[in-house]
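> show me the folded form of this:
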Amino acid sequence: MLNMDALEKILEKDGIIFLTYGGTLTQSLIVAMTEALEKETENAELSMGLASKIFTIFIELAQNMMNYSKKMNKEGIDPKGLILVGKTKEGYYYVYGQNIVDEKDKEKIEAKIKKILSSTKDEIKKLYREARKSGKDTHSKGGGIGFYEIAKKSEKIEYSFIEVGDKRYYFQFKSIVGKA
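Now for the predicted structure:
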């Protein structure tokens, strides 16, 4: 899990963090964070295209985290996660997310990301259109096409799964969005 020491190392290595949140994710919280992120992108004077990519990726990743989180508490599943938006020292913007998923979701997510990483941008656009049109990859929380949307807007995607026990995994995902 990413702790404060790890966060400080990210800051040292990667540069500026515009937005960080760790805790329970809700739709209203995602909206509030998007508004805060909008102000940060205005202050940084980002182009509309780059800002739009950051917003889209942030929203899709936050919703995926909210829908797939499998952290247990006394009441059952608790949709907790960590999400941050930052800028590397080289000037690239990124969106990073981390949450706990179960083994079934790990397999589903990993298969989709592997397919995306082995596809060209045009193939990703085609997969996205097919998924929207056919309704395949649909699950109870949404269309299941968020990773295609993220991939369309990303320059690079990095991910990992770290086993935490009880068939649960930390899912860490980073989208490199672009350079200002």
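
> beta partners for residue 163?
On the basis of DSSP bridges, residue 163 takes part in beta bridges with residue 169.

> wait, it touches residue 106, no?
No: under the criterion of C-beta atoms under 8 Å, residue 163 makes no contact with residue 106, lying 9.2 Å away. In this view, the C-beta of every residue, glycine as well, is placed from N, C-alpha and C.

> and those two? Which one has more around it.
Shown here are residue 163 and residue 106; by other C-beta atoms under 10 Å, residue 106 has more neighbours (19 against 11).

> where's the more buried one relative to residue 99, distance?
Noted for residue 106: a distance of 11 Å to residue 99, by C-beta to C-beta, to the nearest Å.

> what's the answer for residue 151, then?
19 Å.

> ok, back up a step: what is in contact with residue 163 and residue 106 at once?
Residues touching both residue 163 and residue 106 by C-beta atoms under 8 Å, 6 or more residues apart in numbering: residue 169.

> now the helix or strand hosting residue 113: average pLDDT?
Element membership for residue 113, per DSSP states H and E: helix 103-117. Per-residue pLDDT over helix 103-117 has a mean of 92.

> thinking again about what came up before, got any residues that touch both of residue 106 and residue 99?
Shared contacts of residue 106 and residue 99 (C-beta under 8 Å, 6+ apart): residue 171.
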